[in-house]
Each structure stands twice: as structure tokens, then as C-alpha cells.
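Peer 1: the following comprises the amino acid sequence and a computationally predicted model.
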Amino acid sequence: MAVEWREMDVAHAERLARNESLFREVNERINEVAGSLSPDDLGADDHRYEFVCECSDPHCTERLVLSRGEYDQVRADGTRFVLAHGHVTAEIEHVVERTDDYVVIEKEGVAAEVATGLDPRTT
């Protein structure tokens, strides 16, 4: 029975990480479009843009306001995501940074492996 439960835990963590990775893909496109609107060097643009919450809830519609530089700081590590306050899933991630507007989380275990494998900046 313990083996079956562990397999369910792994499958659950993988699904949650895939949900977050999908939102990350959306934010990568937002960042690209924002970059095309701003010819400044990456991160030099201090204009703030609306990104989507990268939490594991597929129905989440929260918007987060960040500069491209702030977003790229999060994206420097393929296991990190930007979430709305209160959207952290403690079983697969932990908070590494808190701001007034959002939190930055880092994936753990299987979820970190999935997130790294699906990172559009490394594939």
C-alpha cells in the first residue's frame, strides 16, 4: 500500500508542476511581447507589466505586476516561479522571496525535476 501511495504522490506532484509550467510558458510569451515593445536592454525597462500567477491551480486568474527585470530574476532559475500571495502548494515548493505584490517559490523533489525539464529557456 505504501508503494501505491508514493506513486500517487509522484503523479500528483508531476501534475501540479506541469500546471505551473504551463503558466510559466504564458509568462514567457508576455515577456517576449513586452520586450518587443521596449527596445531597451533586457531588464533596463522599468515599466511594469501584467503577468499571470504561475500557481498549480489550472483555474487561477490572478494577475501579478512585475517589471521585465523582476520577472527575469525569477526565471534565472528553472525551478523558480512567481505566484500570488496564498497560492503556494507546500507539498511541492517553498517560498524563497516575498514582496508586497507576489512571492517567488522554488520547486522541490519531483516537481523541481519536471519544472527544470519543461523550462523553455533551457530546451
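Peer 2: Cool, got the structure.
Peer 1: all contacts plus neighbour counts: C-alpha atoms, from now on.
Peer 2: Will do.
Peer 1: can you pull out the helices in this structure?
Peer 2: Counting by DSSP state H, the chain has these helices, from start to end: 2-37, 68-75, 109-117.
Peer 1: any idea which of the ones you listed has the lowest pLDDT on average?
Peer 2: Ranked by mean pLDDT, the helices of the chain bottom out at helix 2-37, which scores a mean of 80.
Peer 1: quick one: contacts for the spatially most central residue of the chain?
Peer 2: By Cα atoms, centre = their mean, the chain has its centre lying nearest to residue 81, at 2.6 Å. Residues near residue 81 by Cα atoms under 8 Å, 6 or more residues apart in numbering: 20, 24, 54-55, 74-75, 104-106.
Peer 1: so can I have TSV of the residues you listed showing distance to residue 85 and neighbour count?
Peer 2: Shown next, in TSV, are these (distance: Cα to Cα, whole Å; neighbours: other Cα atoms under 10 Å):
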residue	distance to residue 85	neighbour count
20	15	22
24	17	25
54	11	31
55	10	27
74	16	19
75	18	18
104	9	22
105	11	24
106	14	21
